[in-house]
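**Student:** Fold the following for me, if possible:
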Amino acid sequence: MISNHEIDYHVYGEEMQYVEVELDPNETAIAEPGAFMMMDDGIQMQTIFGDGSQQDSGLLGKLFSAGKRLLTGESLFMTAFTNVAYGKKRVSFASPYPGKIIPIDLHQLGGRITCQKDAFLCAAKGVSVSIAFQRKLGTGLFGGEGFIMQKLEGDGMAFMHAGGHVLERTIQHGEALKIDTGCLVAFTSGIDYDIEFVGGIKNTIFGGEGVFFATLRGSGKVWIQSLPISRLAGRILQYGTVNRKEEGSILGGFGNLLDGDGR
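**Tutor:** I've put the predicted structure just below:
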């Protein structure tokens, strides 16, 4: 029996997407603060502790749920959107940067996935958003996203967001997949996640691809993003500084004075 609220949805857009969630009377969707875009009249917005999955467990349950989110670097609070009208109502949530929104049906994926701590966007009420500690010290220290990742549990719909193009890859038993640590978005419970050293002096010093990569083994699904937000931010910062490296022109910085880019 499905315990989460059953919601319908539609994803709009290409590079800057948003998801429109359709709520029946008394159905609720939860979202990260700042994800809200628009909603129909008849939907009630309420700030709640944690993810809302422990709302009936008393004060200690609510504080524990909120505390787990705090450990992942997220806000103590989330926003719940409930249809208090008689007919169907719609509420929309927007992606925070260029990329793709990934619909996840937890009921079809074993009830649990592990994702980067900033990947979660919104979900049906009842989906639990908690912490997933990495069992191996090396994975936590060099995993690119820290020792703690997020764990989404339940049997309803959840929505993640990732940068650039998103690839969904299925891994079979006996296979191994090596991924840049920043490009890993999420994986199902049957996947074993570890961090490996690239190896080689030239690769380490001159490779420009980082010293570690993620190695995935087991059986299940993996979601991979082509443009991590950290990589995008680094490029913007690089080209936003005055003394940046010039490409494509022998004039260098003098060329910027001519075309106005260096002002």
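**Student:** From here on, just use CA atoms for contacts and neighbour counts.
**Tutor:** Noted.
**Student:** I'd like the distance between Gly163 and Ala31.
**Tutor:** With distances taken as C-alpha to C-alpha, to the nearest Å, Gly163 is found 19 Å from Ala31.
**Student:** And for Gly218?
**Tutor:** Relative to Ala31, Gly218 is positioned 31 Å away (C-alpha to C-alpha).
**Student:** Pass me the low-pLDDT residue ranges in the stretch 101-250 of the chain, would you?
**Tutor:** Filtered on pLDDT under 70, the stretch 101-250 of the chain yields the residue ranges 133-147, 197-211, 240-250.
**Student:** Can you classify the residue nearest to Gln44 when sequence neighbours are not counted as helix, strand or coil?
**Tutor:** On the basis of C-alpha to C-alpha, 6 or more residues apart in numbering, the spatially nearest residue to Gln44 that is not a chain neighbour turns out to be Thr82, at 5.1 Å. At Thr82 the chain is in strand, as set by DSSP: H, G, I helix; E, B strand; the rest coil.
**Student:** tally of neighbours for Thr82?
**Tutor:** By other C-alpha atoms under 10 Å, the residues close to Thr82 number 23.
**Student:** Give me the more crowded residue out of Gly163 and Ala31.
**Tutor:** For Gly163 and Ala31, the more surrounded residue by other C-alpha under 10 Å is Gly163, and the numbers stand at 26 against 23.
**Student:** for the more buried one, what are its contacts?
**Tutor:** 97-100, 225-229 (C-alpha atoms under 8 Å, 6 or more residues apart in numbering).
**Student:** Just those: which are in strands?
**Tutor:** The members of the contacts of Gly163 that map onto strands under DSSP state E are 99-100, 225.
**Student:** mind listing what Gln172 touches?
**Tutor:** 218-220.
**Student:** Please convert the buried members of these into PyMOL selection syntax.
**Tutor:** A single PyMOL command is used to select the members of the contacts of Gln172 judged buried by 16 or more other C-alpha atoms under 10 Å:
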select buried, resi 218+219+220
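**Student:** wait, which of the contacts of Gln172 is closest to Asp8?
**Tutor:** Lowest distance from Asp8 to these (C-alpha to C-alpha) belongs to Gly220, with 25.1 Å.
**Student:** Look up phi and psi at the closest one.
**Tutor:** phi 160, psi -170 (degrees, to the nearest 10).
**Student:** related to what we said a few turns ago, is it possible to get JSON lines of the contacts of Gln172 that adds distance to Ile179?
**Tutor:** Compiled in JSON lines, the contacts of Gln172 are given as follows (distance: C-alpha to C-alpha, whole Å):
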{"residue": "Gly218", "distance to Ile179": "15"}
{"residue": "Ser219", "distance to Ile179": "16"}
{"residue": "Gly220", "distance to Ile179": "15"}
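**Student:** which one of the contacts of Gln172 is nearest Ile43?
**Tutor:** Gly220 (36.8 Å).
**Student:** Okay then, goodbye and thanks.
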